[in-house]
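*Asks:* Here's a sequence, model it:
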Amino acid sequence: MYKKVLVAIDGSEPSNNALDHAVEIATKFKAKLTMIAVIQRVMIPIFPDEGFGGVPLSAAKDMAQYQDKMRLVYQNVLEEAQAKIKEEHPDLEVEAILKEGRPSAIITDYAENDGVDLIVMGSRGIGGYTGWILGSTSRKVVDSCTRPILIVK
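*Replies:* Sure, this is the predicted structure:
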């Protein structure tokens, strides 16, 4: 039934629970498991004036450092998950992908274009207030993707 399972991970508890379910499903169906982590780009509105909305150049440098730090964090999340899976399920084919962009769009595009049979996601990630303001990534994927999706708490 499932040949390709995609799981979105970010190191949060719901994402770790989703990973556990995805591993079980992929193992049961002898499916390929793809783990994807998406670094959300942080945008700073920059206007020509230094009035309302003006951002000092140092803020842009801080954002670049933040992006680099998040890249390392997510890379570590993927590497640790892959090592654990390989240790516990040596026969399972596992791939790890790190992307940058809008998480819901990246996950949806990957699933649609790579022939994914099932997407597994946590109900909430590490977005916190950002997730509340922008809307949940899992909700956006459910709304925009045509592939079957399992949301795990």
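*Asks:* Confidence-wise, which helix or strand of this structure is lowest on average?
*Replies:* Least confident helix or strand, the chain: helix 129-134 with a mean of 41, by mean pLDDT, DSSP states H and E.
*Asks:* right, and the helix or strand after that one?
*Replies:* As assigned by DSSP states H and E, the chain's next helix or strand after helix 129-134 is helix 137-144.
*Asks:* Can you point out the buried residues in that following helix?
*Replies:* 137-138, 140-141 (16 or more other C-beta atoms under 10 Å). From N, CA and C alone the C-beta is placed, and that goes for glycine too.
*Asks:* For those, give me a markdown table that also has distance to Tyr2.
*Replies:* Formatted as a markdown table, those follow (distance: C-beta to C-beta, whole Å):
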| residue | distance to Tyr2 |
| --- | --- |
| Thr137 | 22 |
| Ser138 | 19 |
| Lys140 | 23 |
| Val141 | 17 |
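*Asks:* now, which of those residues sits nearest Glu80?
*Replies:* Thr137 (20.9 Å; C-beta to C-beta).
*Asks:* From Pro90, how far out is the closest one?
*Replies:* 31 Å (C-beta to C-beta, to the nearest Å).
*Asks:* re the thing from before, got TSV for the buried residues of helix 137-144, with pLDDT and distance to Lys69 too?
*Replies:* Output for the buried residues of helix 137-144, formatted as TSV (pLDDT from 0 to 100; distance: C-beta to C-beta, whole Å):
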residue	pLDDT	distance to Lys69
Thr137	89	20
Ser138	89	24
Lys140	92	24
Val141	94	25
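*Asks:* And the furthest pair within those?
*Replies:* Ser138 and Lys140 (7.4 Å).
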